[in-house]
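Asker: sequence and computational prediction follow.
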Amino acid sequence: MAPKKASGTDKEAMMLAKFNELDKDGNGSLDFDELEGLLKKGNPTFTTAEVKQLYDACDTNHDGKIEFREFLAYINKADHKADRTGGRHARMAAASGPQDDGTEKDWGAISDVFANFAGGDMDGREWAKFCKDSGLIGHGFTKADVDMTFAKVVPKGKRKMDFVMFQDALRLMAAKRGQTNGEVQDLVSASKGPVITATATDAVRFYDDKSTFTGAHAHNEKFDGVNSSAALGRHERQVAAEHDKTHGGAEGGWGECQRVYEAFSENNKVEGKHFLKMCLEVNGLLAHGFAKRDVDLIFAAAAKKDKHLSLEQFKECVRKVAAKRGQSPQEVQAIIARSDGPILHATQTEAVRFHDDKSTYTGAHASVHGRDGHDDGRHEKLAMEAAKLREGDEGEHDWAGCDSVYDMFIEDGKLKSRDFMKMMIDVNMFDKNFTKNDVDTTFVHAAGRGVKDLSVETFHVAIREIAQKKKVPIYKVQQAIESCEGPHLAATKTDAVRFHDDKDTYTGMHVGK
């Protein structure tokens, strides 16, 4: 006999009871936290954004709370949509599939098992393996039911089940096995994950003869015949020796090593290529058991998954290098500390007097290359000259006339480099001291690196630099620019054409024109 369908009044009563169950604080409405707790209890994969979307859909008057009438309206709307579209819940109801029977527990542990078998969504093969490896086939749930259950919960056109479909599949499984949903949850929670099977290997003496086991394996009680008193194996001896050298050897201060670390870094990072360069260029480091082939291995062991070494990881590299060399970290620190930094490799240039004759060096170069006291302050003078160009001097007059010419040459409110070049050509500014090759350099000096146009102020700076290059007073350059009446418009001159230029040949309507 078919179950009696609940009337509208009965359904509202059931919905009201469910609503009151959700209303934890009893204030007659549901807040966001109450709805989120319910949804995540049923499905731990629910995100806060998804809960917010559902909450807003229920809260039709947007007063920040869900009243019973809004809750009932949303449920009725959802049921109508499921009946109309033939959705998953409607299909399950038609198949008399069970839903929440009141025995369900938290689904968090189940979601972990789901992830172990599927990673993301679960396909039919993964579902079948889950059922088999978890011991769920039997007690009324047969191999044939595995595929049928998968087909019932996965919508038509889909090939994988998400976690919500997986929950429904377990509810169907519970009905087939004659158990509650909670009992099936307990069985799934006890799953140890996928069973990995492989081809049996041939007998190997060092594996099958347990008396040869060393280290941790010699103490593993799961192996029969192991000898925990056996001598340490090769690997254990190496680990022990490295531990003694790394952690037992003396260490010095890290100040000089940090200096070298920073010298070989690029953008405050020491990548594998920088560490290799350091090992190659620090004199005497690649020796005594530490070879080039060991560099990448030590870098990877210290950096782990990082692509560059922090200072602490660099220190660990130094300790590992010391272990390789059979020395204390302090001895390797001393070798590294002798480095002056990276060696810059370039094509050897021909002899140049001003480079090779150190007696001509000035400024910082004189100090570095052994000419202490021979310093004409070249860098300071350059800085002073740049400041002078920006401040101006008594050798210039009012800028109003030059500014008028500036306005004539600007394009879209800006004086770009091509406009500045045209101005220099139109005012015939060039001579042997200031050539076209100097225009771009002057533009960059005045505008500043990365700036693509001259303001009125930086235009003045450019004029001052031109005067400096031409070795004339600034007002002379100002006068030359003020004499300009604006950009010269040039056009291509055409060749003489007899029938065009000889008006006597004109006929018809062209006569007399």
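Answerer: Thanks, I have it. Predicted model, so just to flag it, every value in this text is computed and none were measured.
Asker: quick one: mean pLDDT over stretch 279-295.
Answerer: On average, the pLDDT along stretch 279-295 is 90.
Asker: and the contacts of that stretch?
Answerer: Around stretch 279-295, the neighbours that count as contacts under C-beta atoms under 8 Å, 6 or more residues apart in numbering are 260, 275-276, 278, 321, 324-327, 332, 335-336, 338-339, 342-343. For glycine as for every other residue, the C-beta is placed from the backbone atoms N, C-alpha and C.
Asker: cutoff 10 Å now
Answerer: Defining contact as C-beta atoms under 10 Å, 6 or more residues apart in numbering, one finds that stretch 279-295 is touched by 260, 264, 272, 275-278, 298-299, 317-318, 320-327, 331-332, 335-343, 345.
Asker: so which of those residues sit within helices?
Answerer: 260, 264, 272, 275-278, 298-299, 317-318, 320-325, 331-332, 335-337 (DSSP state H).
Asker: filter these down to the buried ones, PyMOL style.
Answerer: To isolate the buried ones among the ones in helices among the contacts of stretch 279-295 in PyMOL, judged by 16 or more other C-beta atoms under 10 Å, type:
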select buried, resi 260+264+275+277+278+298+299+317+318+320+321+322+323+324+325+332+335+336+337
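Asker: where does pLDDT dip in the stretch 301-450 of the chain?
Answerer: In the predicted model, the stretch 301-450 of the chain carries pLDDT under 70 at residues 345-394.
Asker: please enumerate the strands of it.
Answerer: 308-309, 415-416 (DSSP state E, counting those that start in this stretch).
Asker: with mean neighbour count and distance to Ala169 as extra columns, can I get those strands in CSV?
Answerer: As requested, these are exported to CSV (neighbours: other C-beta atoms under 10 Å; distance: least, C-beta to C-beta, whole Å):
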stretch, mean neighbour count, distance to Ala169
strand 308-309, 20, 47
strand 415-416, 20, 69
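Asker: redo the ones you listed as CSV? Include distance to Phe71.
Answerer: Converted to CSV, these look like this (distance: least, C-beta to C-beta, whole Å):
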stretch, distance to Phe71
strand 308-309, 55
strand 415-416, 66
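Asker: quick one: closest of these to Phe130.
Answerer: Evaluated with C-beta to C-beta, the strands of the stretch 301-450 of the chain place strand 308-309 nearest to Phe130, the distance being 41.6 Å.
Asker: helices or strands next to that closest one in the packing?
Answerer: strand 270-271, helix 272-281, helix 293-303, helix 311-325 (3 or more C-beta pairs under 10 Å, 6 or more residues apart in numbering; DSSP states H and E).
Asker: the first one - what's its average pLDDT?
Answerer: So the one you mean is strand 270-271. What strand 270-271 shows for mean pLDDT is 91.
Asker: what lines up beside that strand in the sheet?
Answerer: According to DSSP bridges, strand 270-271 forms sheet pairs with strand 308-309 (antiparallel).
Asker: and the partner strand, how far out from the chain middle?
Answerer: 16 Å (C-alpha atoms, centre = their mean, to the nearest Å).
Asker: pull the residues that contact that strand.
Answerer: 261, 265-272, 274-275, 299, 302-303, 314-317.
Asker: dump the helices and strands packed on strand 308-309 into a markdown table; add distance to Met148 as well.
Answerer: Formatted as a markdown table, the helices and strands packed on strand 308-309 follow (distance: least, C-beta to C-beta, whole Å):
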| stretch | distance to Met148 |
| --- | --- |
| strand 270-271 | 56 |
| helix 272-281 | 55 |
| helix 293-303 | 50 |
| helix 311-325 | 56 |
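Asker: mind checking these for the one nearest to Asp133?
Answerer: Using C-beta to C-beta, these put helix 293-303 closest to Asp133, at 35.5 Å.
Asker: quick one, what contacts the residue sitting furthest away from the middle of the chain?
Answerer: What lies farthest from the middle of the chain is Asp504; by C-alpha atoms, centre = their mean that is 78.9 Å. Contact analysis of Asp504 by C-beta under 10 Å, 6+ apart lists Val511.
Asker: and it, what's its pLDDT?
Answerer: 74.
Asker: three-state assignment of it?
Answerer: Three-state call for Asp504 (DSSP: H, G, I helix; E, B strand; the rest coil): helix.
Asker: how close does it get to Val511?
Answerer: For Asp504, the distance to Val511 (C-beta to C-beta, to the nearest Å) stands at 10 Å.
Asker: residue contacts, the residue lying closest to Thr458 once chain neighbours are set aside?
Answerer: Nearest residue to Thr458 in three dimensions, chain neighbours excluded: Ala446, at 4.6 Å (C-beta to C-beta, 6 or more residues apart in numbering). Residues near Ala446 by C-beta under 10 Å, 6+ apart: 386, 389-390, 420, 454-455, 457-466.
Asker: quick one: which of those is nearest Lys24?
Answerer: Set against Lys24, the nearest of these by C-beta to C-beta is Ser455 (66.5 Å).
Asker: not counting sequence-adjacent ones, nearest residue to Ile110?
Answerer: Val188 (5.5 Å).
Asker: check Val51 too.
Answerer: Once flanking residues are discounted, Val51 sits nearest to Glu36: 4.6 Å by C-beta to C-beta, 6+ apart.
Asker: pretty sure that neighbour contacts Lys24?
Answerer: No - applying C-beta atoms under 10 Å, one finds Glu36 not in contact with Lys24, separated by 11.9 Å.
Asker: neighbour count for those two, which is higher?
Answerer: Glu36 (18 against 13; other C-beta atoms under 10 Å).
Asker: neighbours of Val511, how many?
Answerer: 10.
Asker: so what's Lys105 up against?
Answerer: Per C-beta under 10 Å, 6+ apart, neighbours of Lys105: 41, 181-182, 185-186, 189.
Asker: which of those residues are buried?
Answerer: Among the contacts of Lys105, those classed as buried by 16+ other C-beta under 10 Å are 181, 185, 189.
Asker: is it true that Thr435 touches Lys469?
Answerer: Yes - under the criterion of C-beta under 10 Å, Thr435 makes contact with Lys469 at 9.1 Å.
Asker: of those two, which one has the most company?
Answerer: Lys469 (16 against 12).
Asker: distance of the nearest residue to that one once chain neighbours are set aside from Val405?
Answerer: Once flanking residues are discounted, Lys469 sits nearest to Phe434: 4.6 Å by C-beta to C-beta, 6+ apart. Relative to Val405, Phe434 is positioned 17 Å away (C-beta to C-beta).
Asker: and the helices and strands packed on strand 308-309: which comes nearest Val154?
Answerer: Among the helices and strands packed on strand 308-309, the nearest to Val154 by C-beta to C-beta is helix 293-303 (43.7 Å).
Asker: okay, the angle between that closest one and helix 311-325?
Answerer: Between helix 293-303 and helix 311-325, the angle comes out at 140 degrees (axes from the mean of the first three to the mean of the last three C-alpha atoms, to 10 degrees).
Asker: from here on, count from 17
Answerer: Okay, using 17 as the starting number, the last item reads as helix 309-319.
Asker: surely Asp435 touches Leu470?
Answerer: Yes - counting by C-beta under 10 Å, Asp435 touches Leu470, with 8.6 Å between them.
Asker: quick one: which of these two has more around it?
Answerer: Taking neighbours as other C-beta under 10 Å, Asp435 and Leu470 compare with Leu470 leading, 25 against 18.
Asker: got the contact list for the more buried one?
Answerer: Counting by C-beta under 10 Å, 6+ apart, Leu470 touches 422, 425-426, 430-433, 435-436, 458-459, 462-464, 476-478.
Asker: noted, bye for now.
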